[in-house]
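1. Next comes the sequence, and after it the predicted model I'd like to discuss.
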Amino acid sequence: MPIAEAESGVRAWCLPLILAALTFLAMLGVTLAPGRAGPVALVFPPWWSEAQVAEGASRAGRLIRLGGLHFIVVVQPDATQAGPDRSNGAWMTLNPRLFGACSAAAARR
């Protein structure tokens, strides 16, 4: 197979693969997003100490439990807030029910 034919075949698959990847990421984002009410899992930078994580979590709401890793915490946002924002240093807010690391069993460890 000449190189030109191989390159055109690769180009033909690039757009569908990119669209499929973007669709998957969008679906993943919707699935992992926390609900409007209820607890949320906050993921902080892994190199933060437990004290830094606790301080950031306390600014987001009431601490419910720790996650399976020291930089993940589950909080109940304050009723006055629409939800935790990233001003507390968290990288992501996720739905804690979707992850084993945020479950009550992981917190008992």
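-> Everything's here; your move.

2. low pLDDT regions in the protein?
-> Applying pLDDT under 70 to the chain flags residues 1-10, 28-37, 79-87, 98-109.

3. per-domain residue ranges of it.
-> Domain assignment for the chain by automatic domain parsing gives 1-32, 40-107.

4. all helices in this protein, in order from the N-terminus.
-> 3-32, 50-60, 104-107 (DSSP state H).

5. Which of the residues in the second one are classified as buried?
-> Residues of helix 50-60 classed as buried under the neighbour-count rule (16 or more other C-beta atoms under 10 Å) are Val53, Gly56, Ala57, Ala60. Placement of C-beta: from N, CA and C, glycine included.

6. what's the burial count for Ile18?
-> 10 (other C-beta atoms under 10 Å).

7. now it: how far from Phe24?
-> 11 Å (C-beta to C-beta, to the nearest Å).

8. same check, this time on Gly89
-> Applying C-beta to C-beta, the value for Gly89 to Phe24 is 28 Å.

9. doesn't Ser58 make contact with Ala90?
-> No - applying C-beta atoms under 8 Å as the test, Ala90 and Ser58 come out as separate, 11.9 Å apart.

10. and Pro39, what does it touch?
-> Contacts of Pro39 were listed using C-beta atoms under 8 Å, 6 or more residues apart in numbering, and they are Ile64, Val74, Val75, Gln76, Pro96.
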